[in-house]
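> What would the 3D arrangement of this be:
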Amino acid sequence: MKRLLLATALIEAGAGLALLTCSSGFTQLLLALPLEGAVGTAVARVGGLGLLTLSVAAWFASQDSQSHAARGLVTAMVLYNLGAALILCMTGLTLHSVGVLLWPIVILHAGMACWCVALLLFYPAQIGH
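Predicted coordinates for the structure are as follows:
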């Protein structure tokens, strides 16, 4: 579970920093559309901050990856990764053009969701830990 948590920390830190520092450029690479207006930029930056928060939580959970808190975080990451993959996939299917990062990021989120599920299923929680 430690590797999954460390990978999540690194991936989401990168995405979060990209959304915080160059929101429009990142969405251009993702959706082939720039953000328009202050509202879009603000929402993207709040999302970036949320990803940085997930990154910090995953980093600290990796230091005690057998805890119930770490399992709880991985369980939440299943929902996040599945949701992100589905939302981005549906967006890609409805847009006439997509950015170069869209499908790789969809595949990344789907893969991360599978990794989370596999760990939760094949490494059950230790009783009394």
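
> Run through the helices of the protein in chain order.
Under the criterion DSSP state H, the chain contains helices at 2-21, 23-31, 37-62, 68-94, 102-122.

> name the helices or strands packed onto the third one?
It refers to helix 37-62. helix 2-21, helix 23-31, helix 68-94 (3 or more CB pairs under 8 Å, 6 or more residues apart in numbering; DSSP states H and E). In short, each C-beta sits where N, CA and C put it, glycine included.

> and the longest one, which residues are buried?
If you call a residue buried by 16 or more other CB atoms under 10 Å, then helix 68-94 has these buried ones: 70-71, 73-74, 77-78, 80-82, 84-85, 88-89, 92.

> now that helix against helix 23-31, angle please.
If you take axes from the mean of the first three to the mean of the last three CA atoms, to 10 degrees, helix 68-94 sits at 70 degrees to helix 23-31.
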